[in-house]
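S.K.: Here is my input, please return the structure:
(chains A and B)
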Amino acid sequence: MEIQANEILSIIGPANSGKTSFLRTLNRLNELQANVKVEGTVELDNQDIQKIYIELLRKRVGMVFALPTPLPLSILLNVTYGVRMHGITNKKRLRDIAERALKQSYLWDEVKDRLHESAFKLSGGQQQRLCIARTLAVEPEVILFDEPCSGLDPISTAKVEDAMLELKRNYTIVLVTNNVKQAARVGDRTAFFLSGELIEIDTTDKIFTVPRDQRTDEYIRGKFG
Amino acid sequence: MKKTYLSQKIAFSFLFLATLLVVVPVGLIVVIIVEKGVSAITWQFLADIPRQGMRAGGIFPAIVGTIYLVVGAIIFALPIGLLAAVYLSEYAKDNFLSRMIKLAIVNLAGVPSVVYGLFGLALFVVFFRFGTSILSGSLTLGIMILPIIIATSREALESVPYLFREVSRSLSASKWQTIRHIVLPNALPGILTGTILGLGRAAGETAPILFTVAAFYLPQLPKSIFDQAMALPYHLYVISTQVPNVDEKIRYGTALVLLTLVLFMNLVAILIRYRFRKKKSW
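M.R.: Below is the predicted model of the structure:
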């Protein structure tokens, strides 16, 4: 399958259908765990990702996790974590990077006066937008969202979805979601996974109106899942 | 219904009694030693050298010797123990070799302390020709507390949530950066606690220093790490069994100083752990 630049590809499917595993092969995060075997090839700009230096690959392919995952650091240090690891130490510059990233994830106004507080003091929705800002600060080309709204209330979800639509202009987004409606709302194209297999991939319109496979139809209409 | 309630009550009181039995000896030890020893504690007792064949004077050289030994042991054991723990928890793959290493560490913890003493005598005193010296004693004590430091450090490292590592790596930090910036800082209180517990253990042991460093009677301070030194536990042993007619007050006074030293270290460890738990945010 192909993922095009500046599109949002949503991946839907029931639990254990391999959505997240697929997503985690894209930035080779699966390989952190022992006893994981990876087969096949993934290419980024026609280059096999196994041949890209792994830290560079993860710089180009960012990820937002299912649950808000702030690191036990201050808000500012969380947002700048990635770039600090790349060797940027200039305080002014770090602050600028943080400000830009936090504005992109619509969090700046809520945290600009408390950047040095622990990130754990934020609410769940704020934490998740902080995680998005943290991923953006690294300036990736692709962002992988792994069910980013599964722990959030509807208002926070709407904010995250807005952020994604806005980000589409500059980034390529792959969104794994358990929420079929979310896929319909934000996805340009949608892929349906079942039991580790890709059943169908097409434009979101077609998947949701005239799916080719009966199982896709049944899943979308909520007959199983 | 009433009968079950009664039997439950009886069972509970047995459990409570068993728990109480654990506390009683600890309390008694402290009470008896404080009661008999506290009158010996004077400025002279703490700051003077032993006099009249250790029947009078103070225990200053033994206090200093114990501090030297403990500091020496930790200088040796903390870096090695910490690096080993980092390797075992972060890098080692689960294979035959790493399982053997872990097994060896568990066994090292179970070796009787007198065996460490004999080992230290053979390796450091005789083979490396360090002689009976602070260096030999510190190294021997260091090996003895290595398993404590490794075990507690590993536990502290492994209690840092796996998710933090994943997040850090996903932000394109390298493995070492992740350990350095995320794992170690969050494991530090646990590592510190383990280290202090190790210190307490090293301060209180007699057998490992018996053949490697301890001087029977040395009314002066050591001048270098190649000197012999007195140490509190061994001094207590000597004045309790080897020297006749030592005033009971002096013996219990020495015991009180040793006990205070060890309990104080444990207290510091507990405080660190407590403060960290309160601060911990995940």
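
S.K.: Next to chain A, which bits of the stretch 151-282 of chain B? Give me the list.
M.R.: B:163-174, B:177, B:181-182, B:186, B:281-282 (CB under 8 Å from any CB of the partner chain). Using the backbone N, CA and C atoms, a C-beta is placed for each residue, glycine as well.

S.K.: List buried residues within these.
M.R.: Neighbour-count burial (16 or more other CB atoms under 10 Å in any protein chain shown) is assigned, among those, to B:164-173, B:177, B:181-182, B:186.

S.K.: what's the nearest residue to A:Leu67 if we skip its chain neighbours?
M.R.: Spatial nearest neighbour of A:Leu67, chain neighbours left out: A:Gly151 (5.1 Å); criterion: CB to CB, 6 or more residues apart in numbering or on different chains.

S.K.: before we move on, back to that, would you reformat the buried ones among the residues of the stretch 151-282 of chain B next to chain A as TSV and include distance to B:Leu271, pLDDT and secondary structure?
M.R.: Converted to TSV, those look like this (distance: CB to CB, whole Å; pLDDT from 0 to 100; DSSP: H, G, I helix; E, B strand; the rest coil):
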residue	distance to B:Leu271	pLDDT	secondary structure
B:Phe164	25	93	helix
B:Arg165	29	93	helix
B:Glu166	32	92	helix
B:Val167	31	93	helix
B:Ser168	30	94	helix
B:Arg169	34	93	helix
B:Ser170	36	92	helix
B:Leu171	34	92	coil
B:Ser172	38	89	coil
B:Ala173	32	92	coil
B:Gln177	31	94	helix
B:His181	26	93	helix
B:Ile182	25	93	helix
B:Asn186	18	90	helix
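
S.K.: which two in these are spaced the farthest apart?
M.R.: Greatest spatial distance among these (CB to CB): B:Ser172 and B:Asn186, at 20.1 Å.

S.K.: Each with direction, which strands does the helix or strand bottoming out on mean pLDDT in chain B pair with?
M.R.: Between all helices and strands in chain B, the lowest mean by mean pLDDT, DSSP states H and E belongs to strand B:56-57, at a mean of 81. Sheet pairing for strand B:56-57, assigned by DSSP bridges, gives strand B:50-51 (antiparallel).

S.K.: Which helix or which strand is home to the residue positioned nearest the centre of chain A?
M.R.: For chain A, A:Phe145 is the residue whose C-alpha lies nearest the centre (CA atoms, centre = their mean; 1.7 Å). A:Phe145 belongs to strand A:142-146 when elements are defined using DSSP states H and E.

S.K.: is that strand anywhere near chain B?
M.R.: No. Using CB under 8 Å from any CB, we find that strand A:142-146 stays clear of chain B, coming within 8.6 Å at best.

S.K.: Please save the CA atoms from that strand in PDB.
M.R.: C-alpha atoms of strand A:142-146 as PDB (Å, rounded to 0.1, in the frame of the first residue of the first chain):
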ATOM      1  CA  VAL A 142       5.200  11.800   8.700                       C
ATOM      2  CA  ILE A 143       3.200  11.700  11.900                       C
ATOM      3  CA  LEU A 144       1.800   8.400  13.200                       C
ATOM      4  CA  PHE A 145      -1.200   8.800  15.500                       C
ATOM      5  CA  ASP A 146      -2.000   5.600  17.500                       C
END
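
S.K.: So which elements touch it?
M.R.: Applying 3 or more CB pairs under 8 Å, 6 or more residues apart in numbering or on different chains; DSSP states H and E, one finds that strand A:142-146 contacts helix A:19-26, strand A:61-64, strand A:172-176.

S.K.: by how many degrees do that strand and helix A:19-26 diverge?
M.R.: Strand A:142-146 runs at 150 degrees relative to helix A:19-26, counting by axes from the mean of the first three to the mean of the last three CA atoms, to 10 degrees.

S.K.: In its sheet, which strands sit next to strand A:142-146, and in what direction?
M.R.: Strand A:142-146 sits in its sheet next to strand A:61-64 (parallel), strand A:172-176 (parallel), going by DSSP bridges.

S.K.: mind listing what's buried in the shortest one?
M.R.: Going by neighbour count (16+ other CB under 10 Å), the buried part of strand A:61-64 is A:61-64.

S.K.: gap between it and the chain center?
M.R.: For strand A:61-64, the gap between its own C-alpha mean and the chain's C-alpha mean amounts to 5 Å (CA atoms, centre = their mean, to the nearest Å).

S.K.: which parts of chain A sit against chain B?
M.R.: Counting by CB under 8 Å from any CB, the residues of chain A near chain B are A:27, A:29, A:32, A:34, A:55-59, A:62-63, A:65, A:69, A:71-72, A:81-82, A:85-86, A:118, A:120, A:134-135, A:138.

S.K.: Relative to chain B, which of the buried residues of strand A:61-64 is nearest.
M.R.: The closest of the buried residues of strand A:61-64 to chain B turns out to be A:Met63 (CB to the nearest CB; 4.4 Å).

S.K.: Confirm for me that the closest one is in contact with A:Asn27.
M.R.: Yes. If you go by CB atoms under 8 Å, A:Met63 and A:Asn27 touch, sitting 5.6 Å apart.

S.K.: okay, and the common contacts of those two?
M.R.: A:144, B:170 (CB atoms under 8 Å, 6 or more residues apart in numbering or on different chains).

S.K.: helix/strand/coil for A:Glu139?
M.R.: Three-state assignment for A:Glu139 (DSSP: H, G, I helix; E, B strand; the rest coil): coil.

S.K.: Tell me how far it lies from A:Lys59.
M.R.: As judged by CB to CB, to the nearest Å, A:Glu139 and A:Lys59 stand 8 Å apart.

S.K.: ok, those two, which is more surrounded?
M.R.: Remark: of A:Glu139 and A:Lys59, A:Lys59 carries more neighbours, 22 against 16, as counted by other CB atoms under 10 Å in any protein chain shown.

S.K.: What lies in contact with the host helix or strand of the more buried one?
M.R.: Following DSSP H and E, the helix or strand that holds A:Lys59 is helix A:54-60. Helix A:54-60 is contacted from outside by A:27-29, A:44, A:49, A:52, A:82, A:86, A:138-142, B:169-174, using CB under 8 Å, 6+ apart.

S.K.: Now with 7 Å, please.
M.R.: The list of residues contacting helix A:54-60 from outside it, by CB atoms under 7 Å, 6 or more residues apart in numbering or on different chains, reads A:27-28, A:44, A:49, A:138, A:140-142, B:169-170, B:172, B:174.

S.K.: What residues of that helix count as buried?
M.R.: Quick answer for helix A:54-60 (16+ other CB under 10 Å): A:54-55, A:57-60.

S.K.: Stretch B:188-204 now?
M.R.: Buried positions in stretch B:188-204, judged by neighbour count with 16+ other CB under 10 Å: B:189-204.

S.K.: How about stretch A:66-82?
M.R.: A:66, A:68-82.

S.K.: from these, which ones fall inside helices?
M.R.: Within the buried residues of stretch A:66-82, residues falling in helices by DSSP state H are A:75-79, A:81-82.

S.K.: can you pull the contacts of residue 208?
M.R.: All of this refers to chain A. Contacts of A:Phe208 (CB under 7 Å, 6+ apart): A:184, A:220.

S.K.: please go with chain B instead
M.R.: Going by CB under 7 Å, 6+ apart, B:Pro208 touches B:113, B:116-117, B:120, B:140-141, B:144.

S.K.: Let's verify it: helix, strand, or coil?
M.R.: Put simply, B:Pro208 is helix when judged by three-state DSSP.

S.K.: cool, and B:Ala62?
M.R.: Following three-state DSSP, we place B:Ala62 in the helix state.

S.K.: try B:Tyr217
M.R.: When the rule is three-state DSSP, B:Tyr217 gets the label coil.

S.K.: what about it, neighbour count?
M.R.: B:Tyr217: 15 surrounding residues under other CB under 10 Å.

S.K.: That one and B:His235, how far apart?
M.R.: 9 Å.
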